Structure formats: C-alpha cells, structure tokens
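1. Dropping a prediction and its sequence here:
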Amino acid sequence: MSTRPLLVVDGDSLAHRAFHGLPKSTRDGAGRPANMLLGIVSMLTTLWDAAAPRTILTCWDTLTSPTYRHEALPEYQSGREFDPDLVEQLERLPSLSESFGFPVAKAPGFEADDFLAAAATAETAASGTTKVVTSDRDSFQLVSDSVEVLLPKRGVAEVERVRPTDVVERYGVLPEQVVDFIALRGDPSDRIPGARGIGKVRAAALLKEHGTLEAILAAGRFEAEADALRLYLTIATMQADAPLPPLPTRSPNWAGAANWAREAGLDSLATRLDLRR
C-alpha cells in the first residue's frame with residue numbers, strides 16, 4: 001500500500017460550491033454552461049497539489065434514481081430544487097474526472113456519501129490513510145486515526161482538518177457515535193426529524209451516558225419514537241458496501257484532461273492543463 005493518502009471527493013458537494021462560486025455567464029464553445037466545469041478542474045488540481053494523494057476518487061449522486069433512504073422516509077431531502085444549468089453540468093462531471101485518469105464512483109441507489117464510506121473503509125482495511133473532501137458534516141462518522149475529513153473553505157484553497165478530537169470538541173460525541181447523534185438530534189438539511197425536543201446538547205449528553213441509541217432505547221427512553229429513531233439511524237449511516245471501482249495509484253493524465261477541455265471548447269482551460277504536462 002502506498003504511503004500517500006487516498007483522496008476521496010464528494011463530487012456533488014464540490015460541484016455546488018463551484019457552481020455558486022463562479023459567474024453563471026461562463027459558457028463553453030457550444031454555448032452550454034461551464035462555470036461548474038471550470039471550478040471543479042481548479043479544485044481537483046488544487047487538491048492534487050496540496051494533498052499529494054496516490055489518486056483522487058470522485059463520488060457522485062445519481063439524481064434520477066431514488067435510494068432506499070427516499071423510499072423509507074419520503075420527506076428525506078425533499079424540497080430541493082436545482083438550477084437546470086447545474087444539473088446539465090453535473091451530468092458531464094464524471095467524464096471530466098475520468099479524463100484525468102481518476103476513478104469515478106456512481107451507481108443508481110447510492111449517494112456520494114456511501115462511496116466515501118466504502119472507500120475509506122477499504123483503504124483502512126488495506127492499512128492506508130484517507131482524506132475525505134466534503135462540506136457534509138455527516139461525514140464525521142468516518143473520522144478515525146486513518147481517516148481525516150477536509151472541510152473546504154474559499155473553494156478548496158483552504159480546508160479545515162477534522163480529526164477524532166475535533167469531532168468530540170464540535171459535537172461532544174465520538175466519531176462512532178455521530179450517526180446515533182444525528183438520529184437523536186435530527187438533520188434539518190436532510191429533513192431527518194430526530195427525537196422530539198432533543199437538540200445537540202441533550203443528544204450528546206444521552207450518548208455520553210448510554211453510549212448508543214440502541215442502549216438509550218433499551219433503557220426505556222423514547223418508547224413511542226423507537227421505530228422512527230431506528231429508521232433515522234439507518235438513513236444517517238453511510239453504506240460502506242457501496243460498489244467501488246479499482247483504485248490504482250496513478251498521477252493525473254494532464255493531456256487527457258486538456259483534450260477533454262479542448263473538445264468542450266474550453267480552450268483557455270485546455271492551455272492551462274497542457275502546461276501541467
């Protein structure tokens with residue numbers, strides 16, 4: 001196993017940052033929106049230079065396919081509406097990532113989060129280390145001595161490094177208790193209700209006393225909500241059995257990425273990538 005870390009990127013998370021961080025008037029040679037494309041290339045190159053990883057795995061949602069989470073909890077992530085220009089570019093991003101020679105994880109029924117978990121779990125089992133780049137704090141459940149979460153700031157030019165002690169300082173729980181914490185506290189961004197009347201401080205206190213949600217339920221707490229809370233726990237848990245592509249160690253294919261950009265009519269981007277060869 002390489003001593004260099006595996007860099008695992010929540011593609012959808014970074015894509016939204018890129019879309020809202022660059023002018024929406026940016027277009028490719030065919031007049032299609034391209035601000036997100038340019039932003040993602042900038043982010044991937046910045047991350048490559050900063051982290052010196054063995055490769056970058058980009059992970060993606062499949063917006064056209066619901067997951068078991070949506071089926072089990074209809075209100076899960078409900079109400080989200082995406083700009084058509086954002087959706088169009090999202091569909092192009094996996095092929096852009098592949099042009100760099102980077103592996104891509106995307107499959108119906110799975111979220112990007114699930115691939116983050118699968119990759120971190122596999123890398124740890126192979127005695128490697130993983131850096132997970134995402135704005136989603138649910139990813140704190142992955143943090144360990146071998147897995148570090150990087151929260152992007154200013155694009156990705158700056159990141160906040162999250163280690164086990166940081167999770168405890170932020171939430172008052174251990175990384176392995178984060179999913180229990182989410183189930184109890186709820187998650188407004190994902191429309192997970194949580195236990196009635198339980199906020200961050202109380203959720204952490206209950207877990208400090210009992211250890212797990214199941215132990216809290218076994219102690220007779222939340223009897224009327226027990227089934228719902230178990231469902232929220234399942235929904236909050238990233239699925240480490242998500243299917244992964246091969247993850248060989250390799251450097252970026254700058255020429256391949258430049259060709260992709262050139263074919264898209266993004267000549268200035270192609271020129272910048274050519275200079276990296």
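-> Cool, the structure landed.
2. what's the spacing between S97 and P103?
-> Separation of S97 from P103 (C-beta to C-beta, to the nearest Å): 8 Å. No exception for glycine: its C-beta is placed from N, CA and C like everyone else's.
3. Compare the two (neighbour count), which wins?
-> Using other C-beta atoms under 10 Å as the criterion, S97 and P103 rank with S97 on top: 26 against 21.
4. circling back: any shared contact partners between S97 and P103?
-> Counting by C-beta atoms under 8 Å, 6 or more residues apart in numbering, the contacts common to S97 and P103 are T58.
5. burial of L63, as a residue count?
-> Neighbour number of L63 under other C-beta under 10 Å is 12.
6. any idea how far it is from V132?
-> Distance from L63 to V132, counting by C-beta to C-beta: 21 Å.
7. Report the outermost residue of the protein with respect to its centre.
-> Going by C-alpha atoms, centre = their mean, the residue of the chain most distant from its centre is G220, 35.0 Å out.
8. pLDDT score for that one?
-> pLDDT for G220: 97.
9. Make sure it is indeed in a helix.
-> No: assigned with DSSP: H, G, I helix; E, B strand; the rest coil, G220 falls outside any helix and is coil.
10. buried residues in stretch 48-63?
-> The neighbour-count criterion (16 or more other C-beta atoms under 10 Å) identifies W48, A51, P53, R54, T55, I56, L57, T58, C59, W60, D61 as the buried residues of stretch 48-63.
11. What mean pLDDT does that stretch get?
-> Across stretch 48-63, pLDDT averages out at 95.
12. what's the span of it, first residue to last?
-> 27 Å (C-alpha to C-alpha, to the nearest Å).
13. how far is that stretch from where the chain is centred?
-> A distance of 10 Å separates the centroid of the chain from that of stretch 48-63, by C-alpha atoms, centre = their mean, to the nearest Å.
14. Stretch 62-81 now?
-> Stretch 62-81 sits 16 Å away from the centroid of its parent chain (C-alpha atoms, centre = their mean).
15. Next: stretch 115-135.
-> Worked out by C-alpha atoms, centre = their mean, stretch 115-135 lies 11 Å from the chain centre.
16. Show me what the mean pLDDT comes to for that stretch.
-> pLDDT averaged over stretch 115-135 gives 98.
17. Repeat that for stretch 159-170.
-> Computed over stretch 159-170, the average pLDDT equals 97.
18. Not counting its own residues, what contacts that stretch?
-> 50, 133, 140, 143-145, 148-153, 173-175, 178.
19. buried subset of those?
-> The neighbour count (16+ other C-beta under 10 Å) marks 133, 140, 143-144, 148-152, 173-175, 178 as buried among the contacts of stretch 159-170.
20. In a markdown table, list those residues along with secondary structure and distance to S25.
-> Listed next are the buried ones among the contacts of stretch 159-170 as a markdown table, based on DSSP: H, G, I helix; E, B strand; the rest coil; distance: C-beta to C-beta, whole Å:
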| residue | secondary structure | distance to S25 |
| --- | --- | --- |
| V133 | strand | 27 |
| F140 | helix | 36 |
| V143 | coil | 39 |
| S144 | coil | 43 |
| E148 | strand | 36 |
| V149 | strand | 33 |
| L150 | strand | 30 |
| L151 | strand | 29 |
| P152 | strand | 24 |
| V173 | coil | 44 |
| L174 | coil | 46 |
| P175 | helix | 42 |
| V178 | helix | 40 |
